[in-house]
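**Student:** 3D, please:
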Amino acid sequence: MGYVDVPPLAYEGTDGRAEGVFIDLTRRVAEEAGYDLNFRYLPVSRTYYYLRTGGIDLWPGVTDVPALKGEVLESFVSPLPFQLSAWGLATMPPVLHFDDLKDRTLILISGYTYGGLAEHLENTPGISITEAPNHLAALAMLNRGRGDYLLDYHDPVKAVLDEFPVRGIQEYPVRTRNAAWVFSLANPRSARLRNEFDDAYLRLAERGEVPEPRVLSEGFQLPGLADLF
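**Tutor:** Alright, predicted model coming up:
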């Protein structure tokens, strides 16, 4: 199983062990389904490549990744929401439409594709991109005025802010997606694995050991964002 750095959902601990809320949940579901997991900590782009080529069988990730279309099966169960937000200081105007990001400098996390959004942003006239190596550095850049807005996921940013508060920071939802277990179609048993994981989760939910499955929806999307896809 491949996993990427999205703390506190998934991250590599100091001892090299896979950690995080989504990782712990994955371990419980895999055990219920009768599987042992071998974790591989990977960059996002390498995770996509290995899913397409069979280098990994499974990724605890998100639905509807354009780079994986036709290459994977997604679990029907979604245990968590996954929200991408624009973060800005109180001195900046609110982000209520995609056009509010134009003529601005956006801070992105290096290596993140943002579900295909990063490439579109880089090619959008009027938007400048600067990158940060991690979530803490990105917030520091925002606080120092090295970008107008930070584009980052809710959970990692909140985890950093709990430890290193930034005065007056505002969050504006950009896109909400469904977390899911994503299985490589390069594995001929991918459909069986998906069904076994879904069934295992439902059994755990019936026993009250995991949250009830979420109702899947298209989620929120910042007005004007759909024009990019």
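
**Student:** so what pairs up with Ala179 in the strands?
**Tutor:** Val62 (DSSP bridges).

**Student:** got a list of what Asp148 touches?
**Tutor:** The contact partners of Asp148, taken as CB atoms under 8 Å, 6 or more residues apart in numbering, are Gly88, Met92, Arg104, Thr105, Leu106. Heads up, the C-betas are built off the backbone N, CA and C, glycines and all.

**Student:** lowest mean pLDDT among the helices and strands, pick that one out for this structure.
**Tutor:** helix 117-122 (a mean of 90; mean pLDDT, DSSP states H and E).

**Student:** could I get that one in CSV with only the CA atoms?
**Tutor:** Only the C-alpha atoms of helix 117-122 are listed here, as CSV (Å, rounded to 0.1, in the frame of the first residue of the first chain):
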residue,chain,number,x,y,z
LEU,A,117,-5.9,21.4,-10.2
ALA,A,118,-2.2,22.5,-9.9
GLU,A,119,-1.5,22.1,-13.6
HIS,A,120,-4.5,24.1,-14.5
LEU,A,121,-3.6,26.9,-12.1
GLU,A,122,-0.1,27.0,-13.5
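
**Student:** and the helix or strand following it, which strands flank it?
**Tutor:** Once the chain leaves helix 117-122, the next helix or strand it forms, by DSSP states H and E, is strand 127-132. According to DSSP bridges, strand 127-132 forms sheet pairs with strand 104-109 (parallel).

**Student:** coming back round to it: other residues contacting the least confident helix or strand of the chain?
**Tutor:** Contacts of helix 117-122 (CB under 8 Å, 6+ apart): 84, 101, 106, 108, 112-114, 127, 129, 151, 175, 225, 228-229.

**Student:** pLDDT check: weakest of those?
**Tutor:** Least confident of the contacts of helix 117-122 in the model: Phe229, at 59.

**Student:** just the helices in this protein please.
**Tutor:** 21-33, 44-53, 117-122, 135-143, 154-163, 190-206 (DSSP state H).

**Student:** just so I know, which of those helices lies nearest Ser217?
**Tutor:** helix 154-163 (16.7 Å; CB to CB).

**Student:** buried sites along that closest one?
**Tutor:** His154, Asp155, Pro156, Val157, Ala159, Val160, Leu161 (16 or more other CB atoms under 10 Å).

**Student:** name the nearest residue to Gly20, sequence neighbours excluded.
**Tutor:** Leaving out its chain neighbours, the residue that sits closest to Gly20 by CB to CB, 6 or more residues apart in numbering is Ala10, at 4.1 Å.

**Student:** again with Leu136
**Tutor:** Closest to Leu136 by CB to CB, 6+ apart is Val160, at 5.2 Å.

**Student:** contacting residues for the one you found?
**Tutor:** His135, Leu136, Leu139.

**Student:** which among those residues gets closest to Ile23?
**Tutor:** His135 (17.1 Å).

**Student:** give me the distance between the nearest residue to the closest one once chain neighbours are set aside and Glu122.
**Tutor:** Using CB to CB, 6+ apart and skipping residues adjacent in sequence, the residue nearest His135 is Pro156, 4.5 Å away. Taken as CB to CB, to the nearest Å, the spacing of Pro156 relative to Glu122 amounts to 21 Å.
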